[in-house]
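Trainee: need the 3D shape of this:
(2 chains)
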Amino acid sequence: MIVPLVHVLVLAAVLFILGLVCVLVWRRNLIMILIGIEIMLNAAMLVFVGGAARWGTADGQVFALMIVAMTSAEVSLALALVVYLHRRKKTVNADEFSEMKG
Amino acid sequence: MKLYLTLILLLPLLGSIVNVLFGRKLPRRVVEVLACGMVWGAFASTLLLFLEYRAPARVELLSWLAAFDLQAPVSLYLDPLSLVMVLMITFVCGLIHIYSVAYMAGDEGYVRFFFLLNLFVFAMLLLVLAENLPLLYLGWEGVGFCSYALIGFWYRDERNATAGRKAFIVTRIGDVAFAIAVVWMFRMFGSLSITEINGMGVLMPAGAVTIIGLLLLAGAMGKSAQVPLMVWLPDAMAGPTPVSALIHAATMVTAGVYLLMRMFPLVGTSETVLTAIALTGGITAFYGATCALAQSDLKRVLAYSTISQIGYMMLGVGAGAVTAATFHLLVHAFFKALLFLGAGCVIAVMHHEQDICRMGGLRSRMPLTFWTFLAGAACLAGVPLTGGFFSKDAIMLAVLEKGTPLFYGLFLVGLLTALLTAVYTFRMVYLVFGGSGSVSPPLTGGGEGEGVPSRFITPTPTLPRQGGGRLRVMEAILIPLAMFGLCGGVLNLPDYLGQGWLTGWFAALPGPAAYGGRTPHGVDIIVQGVATCVVIAGFLFVHARYGGARREKAIEAAGAPSVVTLFFRAGWRFDDLYRLLFIRPYGLLARFFWERVDEGGIDDSFDRLAKLLGRAGQGLGSWTTGRVSVYLLSMAAGLAMIMGYLAWMVW
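Mentor: Have a look, this model is predicted:
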């Protein structure tokens, strides 16, 4: 293995923190939240692939494929929700949608 | 042989499948030709099979149920009994299919009709040919379903749908008993094959065989409309008339009798069961005849007479005369189908008027129907030298041969029933065809029989609009049936005229089925003489009451029926009795469970729980901000705290 596992983990951690910061900084914008979540998922996927390469088993790659499939499904649903929410209030500000408060 | 058997079964099935899948896309003529052609194809292969038949054979087509020692392949059993049944069924069904094409010419639901009719033929043939009990049961339920769907064929009228449901439920009671018997037989014999079970009947404890026999009898009661499960058959007349002819007269209702004949080597070993069968048959024959006397609806007269005639067959089976019962079954199929189809012609011409008191004068208006109907009536009444005369006589003789006091009593009941049969048959003929025919008002509401609600107003378009072509086809079908009914006696002539064909043909049947002429021929002739006298007495009585001008007076008298007439007309009020005994308590119980237990107990407690949870959720919800950004931040903070804790733990 040319790239050591630690490097992969560091890269994944950096990616994850980038995603988290994205979510936290633009936490009032639904679309930015979604983008942040995608980046965090990619970080997790990277860890799986790195682990699979480190121990020479296919499990991690299988999980990575699973995550790809799941993410695409999730994004399509989430974007549909965003469109729907935008139609209702002409905004994508997350704090506008606070009907859960009793 | 295997090829023919497969064809017999598969052709009607193919017809029904093609019709149900593609029937709507096909032209009407194709659907009709397909339905008729498949049944006639089955008849043709039956004929070929008949010519090739040598000895009883068991043919396995494919495997079906197989688990451990439970073996129920799709295997067919061909012996004289099933062969003559298949011949009769395919022939009568073929004729009735052609009749239906003419009868249903104006109906939009023809695809559904022919699908169900073909499916019925398939199920009936499966029932008759099945070698093991599960397969027989499959056919048994199949014909039950088709009967249900065809009774309620014009389901838009709620009464028709109700009649269908009634038939389905009442026969289901018998079917449950039959199913129990099937399972029990498997427990006892370790086999489901009819031939094997029949061979082992004598080895088993008599008590168990008796109970199994009684359970089978209960199943037969439901299917064959015997007392006390006969209430569905008169209401089943709500279906189209060809259906009444095919299912509720010629074929399906005889399935119960067929079951008992098929299992006769088993049930025949128990004298108790035989007595019970004979008693059921005798009582039913008498019951049906008395009810038929008082009916004013043409199809109901025929329905009650069917009940009565099947009672005769049961009586024959109970007396151990399988041959005689089969003989009567075959002849009855011909002449009763003939009577129903003739009634269909009459009803079509009368614009769906079914009240016989409002008919009259049809002898000159439709002579062909009159003469063929008269032939059928002669068979039904047992006029000497017709088929019905010989077959009924064979049963009566067998009953007399048993020679116990009970069977002497049943013989007298049978004679009395024969008298009643002659009376109601000729009454029907006189009322429908006699008179001048001045009274034929095409009422819109249909026949209002006094006392009985007329529930058989059927919304087919009236016939003569398209001219007489359809009627001519329908009447033409009556001719071969009349021939078979009249000449049916040739099938099994009494012993003094030489060996009967059916007796010789059935000699190969196993078990105590063989019924030889043990009595001297003199007794036979005396019995036939008595039967002749009875028929003549009945005819003279009817002629005295309804002949000539007295017909109008009798009709007027029928306007104010006596208590006894009303009692008979309502079928001895069995419907009311069952309503009081079963339906009312069941309704009350259901209402209790619905209002108290379901709505009051279960629904109410859940409603309260839901309300409680909802209120708790609202209370908790007021603690939150409802803003997603706050949730995200707090989640991140929680994550940071967990990470910090882990880091502290490691270092």
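
Trainee: going forward, measure contacts between C-alpha atoms and count neighbours the same way
Mentor: Noted.

Trainee: show me which residues of chain A sit near chain B.
Mentor: By Cα under 8 Å from any Cα of the partner chain, the residues of chain A that approach chain B are A:20, A:23-24, A:27-28, A:94-102.

Trainee: any low-confidence regions in the chain?
Mentor: Went with chain A since none was named. For chain A, applying pLDDT under 70 flags the ranges A:1, A:102.

Trainee: wrong one, chain B
Mentor: In chain B (pLDDT under 70), the answer is B:437-468, B:495-499, B:508-520.

Trainee: rerun that using 80 as the cut-off
Mentor: Along chain B, segments meeting pLDDT under 80 span B:67-68, B:201-202, B:351-352, B:360-361, B:435-469, B:492-522, B:547-560, B:624-626.

Trainee: quick one: buried residues of stretch B:630-641?
Mentor: Judged by neighbour count (16 or more other Cα atoms under 10 Å in any protein chain shown), stretch B:630-641 contains these buried residues: B:Val630, B:Leu632, B:Leu633, B:Ala636.

Trainee: again but with stretch B:59-71, I slipped
Mentor: Quick answer for stretch B:59-71 (16+ other Cα under 10 Å): B:Val59, B:Gln71.

Trainee: cool, stretch B:398-407 as well?
Mentor: B:Ala398, B:Val399, B:Leu400, B:Glu401, B:Phe407.

Trainee: contacts with chain A among the residues you listed, please.
Mentor: Within these, nothing lies near chain A by Cα under 8 Å from any Cα.

Trainee: quick one: mark the members of those that sit in helices.
Mentor: B:Ala398, B:Val399, B:Leu400, B:Glu401, B:Phe407 (DSSP state H).

Trainee: any chance you could map the helices in chain A?
Mentor: Counting by DSSP H, the helices of chain A are A:5-25, A:30-55, A:59-89.

Trainee: how about the stretch 301-450 of chain B?
Mentor: B:322-349, B:362-365, B:367-381, B:387-402, B:405-433 (DSSP state H, counting those that start in this stretch).

Trainee: OK, contacts around B:Tyr287?
Mentor: B:Ser308 (Cα atoms under 8 Å, 6 or more residues apart in numbering or on different chains).

Trainee: one more: the one 5 residues further on?
Mentor: Shown here is B:Ala292, whose contacts under the criterion Cα under 8 Å, 6+ apart are B:Arg300, B:Val301, B:Leu302, B:Ala303, B:Tyr304, B:Ser305, B:Tyr424, B:Phe568, B:Arg569.

Trainee: need the contact list for the third one.
Mentor: With contact set as Cα under 8 Å, 6+ apart, B:Leu302 has these partners: B:Ala292, B:Lys336, B:Leu339, B:Phe340.

Trainee: ramachandran coordinates for residue 57?
Mentor: Just so you know, I chose chain A. The phi/psi pair for A:Thr57 (degrees, to the nearest 10) reads phi -120, psi 160.

Trainee: actually, chain B is the one I wanted.
Mentor: phi -140, psi 150.

Trainee: surely it touches B:Tyr77?
Mentor: Yes: B:Ala57 lies in contact with B:Tyr77 (Cα atoms under 8 Å); the separation is 5.9 Å.

Trainee: looking at those two, which one has more neighbours?
Mentor: B:Tyr77 (22 against 13; other Cα atoms under 10 Å in any protein chain shown).

Trainee: so who does that one touch?
Mentor: Contacts of B:Tyr77 by Cα under 8 Å, 6+ apart are B:Pro56, B:Ala57, B:Arg58, B:Val59, B:Leu129, B:Ala130, B:Glu131.

Trainee: would you mind measuring the gap between the ends of stretch B:223-232?
Mentor: 10 Å (Cα to Cα, to the nearest Å).

Trainee: buried residues in it?
Mentor: B:Lys223, B:Ser224, B:Ala225, B:Gln226, B:Val227, B:Leu229, B:Met230, B:Val231, B:Trp232.

Trainee: what is the helix ranked longest in chain B packed up against?
Mentor: In chain B, with assignment by DSSP H, the single longest helix is helix B:158-189. Applying 3 or more Cα pairs under 8 Å, 6 or more residues apart in numbering or on different chains; DSSP states H and E, one finds that helix B:158-189 contacts helix B:133-151, helix B:194-200, helix B:206-223, helix B:232-235.

Trainee: and that helix, how far out from the chain middle?
Mentor: 12 Å (Cα atoms, centre = their mean, to the nearest Å).

Trainee: could you tell me the angle between that helix and helix B:206-223?
Mentor: Angle, helix B:158-189 to helix B:206-223, by axes from the mean of the first three to the mean of the last three Cα atoms, to 10 degrees: 160 degrees.

Trainee: how does chain B divide up, domain by domain?
Mentor: Following automatic domain parsing, chain B resolves into domains at B:2-572, B:573-609.

Trainee: comparing those, which comes out most buried?
Mentor: Highest mean neighbour count among the domains of chain B (mean count of other Cα atoms under 10 Å in any protein chain shown): domain B:2-572, with a mean of 21.

Trainee: fine by me, thanks again.
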